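Student: Have a look; sequence and predicted model below, questions after that.
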Amino acid sequence: LDDWPWEVRIHSFGHCELSVNGEPVRFSRKTQKKPVQLIRALVAMGGSDVPETRIIEALWPDAEADAAHTAFDTTLHRLRKLFSNDIIVHSEGRLSLDRRRVWTDVWAFEQLIQRLNEGAAGLDLKPRRELLERALTLYRGHFLMEEMDSAWALPMREKLRTAFLQSLEDFGRLLEEQREWEPAIRWYRRGLELDMLAEQFYQRIMFCYAATDRKADAVEAYRQCYRVLLASLNVEPSARTKQLYKSIQ
């Protein structure tokens, strides 16, 4: 429940934000990076029953075993003092966030996506749109932007990104089936606002424009795709996108 008075809230989409009892946690200059990284890593690894060895390997990869374990114990102790409460359960070599007291946007987002997937066949457009709107509100940017260079954050980032983009594309295609071309284009544009490299959205926008005989707009969508991919990744659009472009021409 998003509106429940959770003791601790952890926002991980875009930039990480932590709050306790509704008050943002402010980190002083004396606060070292590792305690904050530890809770980020815990969320990135699922937040429940995470082996401490996995976190140690992620955050202290070059340290000797004894030194790494000592650093982990010290960091966990400092993190618990930072929050002034025992939100992290440490038992039998595993770490978990206390789900009775902690809310994370990742858990909330995953629940919304699960509801979308489970109800895909039975939900009408309106409730599906409402669920996706709530997911969009949570997905303020890719997971843990501060940890773009951290390998341990990549699996969760890609998992959430894929789930988000797929759900948005599925809804757009549902609108296409209803021949609601303009609403579909708007949804695909919203996807590009969050991930300008999502080539499938350019494809769907081109298709929707072509379906409404707006070929000039479809061509411009292709050119935008070409410019973005070339500037960002130094690659051209895929063969599928090029074939769609040729068929429109």
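Tutor: Looks like it came in fine. Numbers count the residues shown, from 1 in each chain.
Student: make it CA atoms for all contacts and neighbour counts henceforth
Tutor: Noted.
Student: Okay, now the unreliable bits of the protein?
Tutor: Applying pLDDT under 70 to the chain flags residues 27-32, 84-85, 120-121.
Student: Could you list every helix and strand that the longest helix along it packs against?
Tutor: Secondary structure assigned by DSSP state H gives helix 154-177 as the longest helix of the chain. Contacts defined by 3 or more CA pairs under 8 Å, 6 or more residues apart in numbering; DSSP states H and E place helix 154-177 against helix 105-118, helix 125-138, helix 181-194.
Student: could you measure residue 235 against residue 225, distance?
Tutor: Here residue 235 is placed at a distance of 11 Å from residue 225 (CA to CA, to the nearest Å).
Student: Settle it for me: which of the two has more neighbours?
Tutor: A direct count of neighbours by other CA atoms under 10 Å for residue 235 and residue 225 places residue 225 higher, at 23 against 12.
Student: check contacts around that one.
Tutor: Contacts for residue 225 (CA atoms under 8 Å, 6 or more residues apart in numbering) come out as 199, 202, 237.
Student: about what we covered before: okay if I get the helices and strands packed on helix 154-177 as JSON lines plus mean neighbour count and distance to residue 247?
Tutor: Below are these laid out as JSON lines (neighbours: other CA atoms under 10 Å; distance: least, CA to CA, whole Å):
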{"stretch": "helix 105-118", "mean neighbour count": "17", "distance to residue 247": "33"}
{"stretch": "helix 125-138", "mean neighbour count": "15", "distance to residue 247": "30"}
{"stretch": "helix 181-194", "mean neighbour count": "18", "distance to residue 247": "19"}
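Student: With distance to residue 10 added, can I get those helices in TSV?
Tutor: Output for the helices and strands packed on helix 154-177, formatted as TSV (distance: least, CA to CA, whole Å):
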stretch	distance to residue 10
helix 105-118	7
helix 125-138	12
helix 181-194	20
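Student: From the contacts of residue 225, pick the one nearest residue 128.
Tutor: Distances from residue 128 to these, taken as CA to CA, are shortest for residue 202 (22.4 Å).
Student: just to revisit the earlier point, any idea which of the helices and strands packed on helix 154-177 gets closest to residue 69?
Tutor: Nearest to residue 69, of all these, is helix 105-118, at 27.7 Å by CA to CA.
Student: What is the closest one packed up against?
Tutor: Applying 3+ CA pairs under 8 Å, 6+ apart, one finds that helix 105-118 contacts strand 8-11, helix 125-138, helix 154-177.
Student: Give me the sheet partners of the first one and which way each runs.
Tutor: Right, strand 8-11. Strands that pair with strand 8-11, judged by DSSP bridges, come out as strand 17-20 (antiparallel), strand 102-104 (parallel).
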